[in-house]
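Undergrad: Sequence first, then the predicted structure, then my questions.
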Amino acid sequence: MNAIIQALAAVQALVVGFGGAVAVILFLPGFASAQAVVNTVKLGACDDLLGVCLANPTQRYKHGVFGQPFEYGTILTIDENGAALRPYNLPYEQVFEDRRVRIIDLDDDGLMEVILIVSDRNRGASLALYAFDPGNSEGTSSATVYPMAQSDFIGAPNRWLNPLDGAVDLDGDGSRELAVIETPHIAPVLRIHQWNGGQLDTLARIPLDGYSNHAFGSLVLAGSLFCEADAPGQALIQLPRAHSGAAGVFLFDLASSTLRPTDLRPTEQFTADFFVQNRACAELLAQQRG
């Protein structure tokens, strides 16, 4: 997969009109099959490890949370030759209301999971977990993604959520929990999700005052952290101010389902890069340990 990521880094972008906005078709120089991809698929964000990409922009859900009039209807994988492999298409009433592809191994089984935001035209957003199947080296099966688990939809159209970066095993069951800010633009709520079979169940739900992790119309989704703390059943959470000012660092406790401020210093501005996130979480943990 390194070859395709190197090609993406050297990409030449052709900007084409799309419903009054723009969509970017990616040309992958040096790969014979790349032309077949760019002639048929409009790609969005791709992860930097597995080559899982958002694709096929659509205007069937016009929320505009990113300041753009389109979302995505498909996720697919790109192989080492730049060819699009088996796609996974959402039903017509749903979209990937997202601009990131998040990759994580939640249960340390050596297999990666893909985290995305799925929105329904009548029920709003949900957090969705997809399995990544790498296929086999013989070429008899190709890499693909397929649904594993999903949270409940918020329950109303044009209601969105934004995941925090990171995952923490709060209950000691060997599988890490996920955190999101639900309705980050109106009455933000921190929600902690536990992966339970085909469902992402709610472990805790805490309203926030003055903190959130997204500004309406922004393409920036990174900036909030969900990190291990120095005690079981707890997590360190870094959240930006909702409007202006320094970010805050909070301690979440599962047993009491509480979130309290700390005097820990927020980490410097970081990107969506996995390794940068790990360093930021390590910095917060080191501060807590003194």
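TA: Nice, thanks for sending it over. The structure presented is a predicted model; accordingly, all values stated were derived computationally and were not measured.
Undergrad: OK, contacts around the residue nearest the centre of the chain?
TA: Centroid-nearest residue in the chain: R102, 4.1 Å away (criterion: C-alpha atoms, centre = their mean). Counting by C-beta atoms under 8 Å, 6 or more residues apart in numbering, R102 makes contact with D47, V114, I115, L116, P163, D165. The C-beta positions use only the backbone N, C-alpha and C, and glycine is treated the same way.
Undergrad: Let's see which of those end up in strands.
TA: V114, I115, L116, P163 (DSSP state E).
Undergrad: CSV for those, including pLDDT?
TA: Formatted as CSV, those follow (pLDDT from 0 to 100):
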residue, pLDDT
V114, 96
I115, 97
L116, 98
P163, 97
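Undergrad: Could you single out the nearest of those residues to A131?
TA: For these, the minimum distance to A131 (C-beta to C-beta) is 7.6 Å, reached by V114.
Undergrad: thinking that closest one is in contact with V101, fair?
TA: Yes: V114 lies in contact with V101 (C-beta atoms under 8 Å); the separation is 6.3 Å.
Undergrad: Now the common contact residues for these two.
TA: With C-beta under 8 Å, 6+ apart, V114 and V101 have common neighbours D47, V52, I75.
Undergrad: got a list of contacts for stretch 85-98?
TA: 45, 54-56, 58, 60-61, 63, 65, 71-79, 116-122, 125, 130, 135, 142-147, 160, 221.
Undergrad: measure the residue nearest to the centre of the chain to P157 for me?
TA: Distance, R102 to P157, by C-beta to C-beta, to the nearest Å: 24 Å.
Undergrad: Next up, identify which helix or strand F226 is on.
TA: Counting by DSSP states H and E, the element that carries F226 is strand 225-228.
Undergrad: typo on my end, it should be E283
TA: Under the assignment here (DSSP H and E), E283 is part of helix 274-289.
Undergrad: Show me which positions of that helix end up buried.
TA: Neighbour-count burial for helix 274-289 flags V276, Q277, A280, C281, E283, L284, Q287, Q288 (criterion: 16 or more other C-beta atoms under 10 Å).
Undergrad: so what's the fourth one up against?
TA: Same thing as C281. G166, L225, C227, E228, L236.
Undergrad: how far away is the first one from G64?
TA: Taking C-beta to C-beta as the criterion, G166 is separated from G64 by 28 Å.
Undergrad: neighbour count winner among those two?
TA: G166 (24 against 13; other C-beta atoms under 10 Å).
Undergrad: Now do the phi/psi pair for that one.
TA: phi 110, psi 170 (degrees, to the nearest 10).
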